[in-house]
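Colleague: Here's my sequence, what's the structure:
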Amino acid sequence: MMDEKYISTLHPLVDYAAGVFLLIIAILSIVGNLAVLATAVKCSSHLKSPDLLSINLAVADLGMAVSMYPLAIASAWNHAWIWGQSSCLYYALMGFFFGVASMMTLTAMAVIRYLVTSTITANPSTIKKKVIYIVITCIWLYALLWAIFPLVGWGHYGPEPFGISCTIAWAEFHNSTNGFSFIVSMFALCTLAPAATIVTCYTKITWKLHKAYKEIQSYDRIPNTAKVERRLTLMAILVSAGFLVSWTPYAIVSFWSIFHSSESIPPMVSLLPCLFAKSSTAFNPIIYYTFSKMFRLKVKQLKCCCGSRIYLSQPKNSAENPEVSVIWAARDNIQVSSAVISNKGQSSLTMMQ
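Modeller: Just a heads-up that it's a prediction; the model follows:
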């Protein structure tokens, strides 16, 4: 007989709605991130080093959607976690593993873009792919390390308070010094520090773009300057806001549950932040498609033959369509060379048009 703690504490209609929401998020995540990966594969010769981080983020988001969401959807529609304790452990581990990998990838993107915009000579091409591969390897090893800690006794995995998914067992750390040290360390090194780094980097990038465009806006060589500035600024804000909106509510509720009984938190209050956090896997392809004309073009060139083969036309290089970076996301291409200022508008912008 299933343990009582695995039974949903939500109304059946709420469970059903949560399952529908997760199904929609799963479809958007899988289709969107597969489109990103397909575009990257077919245009691999045009990839620049920072694009590898976007690919890594797509892999992490896709991994979370494929390995976790079907289990949660089925459980929501059955009004209980139906997969047993071992699968609960697997689900929580996968969520923590891919979640940390995504956060650290976003952090690496922000730092690299900040470094690129902070020097006169730096541009995405000067960053060696070997360096990015090392960064990506460190990201996955870091995520794996934190995911393993609860398995070896530092921290615990368990069901969510609402009973249809699993995560770190926050409520079990009330009287545990060992568990409390894990939570504090995890919040500091996997949530607060990455969030602060991302916000700081993109704030400085936005300010630098603002100052650069202020100086060059009088030059006729750069068309639609105001429009470009607004787009870049908006994308920088969305990158930071998307991360914070997705994960901050969940982090707050989880941290609150450490100091208070789980009964003090209504099941709906614990459910909604969890759903918001899971929706983050669908954000990135939507941002790419909304703000990148080039990415939209490549996605529209994807053709499915008999539902199995994907074809993508390679971009043509010409004076009107120079070779550009393939993943045209805000977090990868927010760059304006400082040489623009020093050369009085003679240098070009590396950015999404």
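
Colleague: gap between the helix or strand hosting N33 and the chain center?
Modeller: Element membership for N33 (DSSP states H and E) is helix 12-42. Relative to its parent chain, helix 12-42 has a centroid offset of 14 Å by C-alpha atoms, centre = their mean, to the nearest Å.

Colleague: Low-confidence stretches in this structure?
Modeller: 1-5, 119-126, 172-175, 212-237, 239-240, 260-264, 303-353 (pLDDT under 70).

Colleague: What segments of it are helices?
Modeller: Along the chain, counting by DSSP state H, helices occupy 12-42, 51-77, 84-117, 129-148, 177-187, 193-216, 225-259, 267-291, 293-300, 330-333, 339-342.

Colleague: mind putting those helices in TSV, distance to G158 and mean neighbour count included?
Modeller: C-beta here means a position set from N, CA and C on the backbone, and glycine is covered the same way. TSV is the format used below for those (distance: least, C-beta to C-beta, whole Å; neighbours: other C-beta atoms under 10 Å):
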stretch	distance to G158	mean neighbour count
helix 12-42	19	18
helix 51-77	14	22
helix 84-117	7	21
helix 129-148	15	15
helix 177-187	11	15
helix 193-216	24	18
helix 225-259	11	18
helix 267-291	13	20
helix 293-300	40	17
helix 330-333	33	28
helix 339-342	53	16
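
Colleague: tell me the centre residue of this structure?
Modeller: S102 (5.0 Å; C-alpha atoms, centre = their mean).

Colleague: With adjacent residues omitted, what lies nearest to it?
Modeller: Distance criterion C-beta to C-beta, 6 or more residues apart in numbering; nearest residue to S102, sequence neighbours excluded, is A60 at 4.5 Å.

Colleague: pretty sure that neighbour is touching A101, no?
Modeller: Yes - A60 is in contact with A101 according to C-beta atoms under 8 Å; the separation is 4.4 Å.

Colleague: just to revisit the earlier point, out of the helices of the chain, flag the one nearest Y157.
Modeller: Among the helices of the chain, the nearest to Y157 by C-beta to C-beta is helix 84-117 (3.8 Å).

Colleague: Show me what that closest one is packed up against.
Modeller: helix 51-77, helix 129-148, strand 157-159, strand 166-168, helix 193-216, helix 225-259, helix 267-291, helix 330-333 (3 or more C-beta pairs under 8 Å, 6 or more residues apart in numbering; DSSP states H and E).

Colleague: Mind putting the ones you listed into CSV with distance to S44?
Modeller: Below are the helices and strands packed on helix 84-117 laid out as CSV (distance: least, C-beta to C-beta, whole Å):
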stretch, distance to S44
helix 51-77, 9
helix 129-148, 11
strand 157-159, 37
strand 166-168, 36
helix 193-216, 27
helix 225-259, 24
helix 267-291, 17
helix 330-333, 16
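
Colleague: who wins for proximity to L89 among those?
Modeller: strand 157-159 (5.2 Å).

Colleague: List the contacts of that closest one.
Modeller: 5-6, 81, 88-89, 92-93, 96, 150-151, 165-169, 172 (C-beta atoms under 8 Å, 6 or more residues apart in numbering).

Colleague: Now find how far off-centre stretch 81-99 is within its chain.
Modeller: 20 Å.
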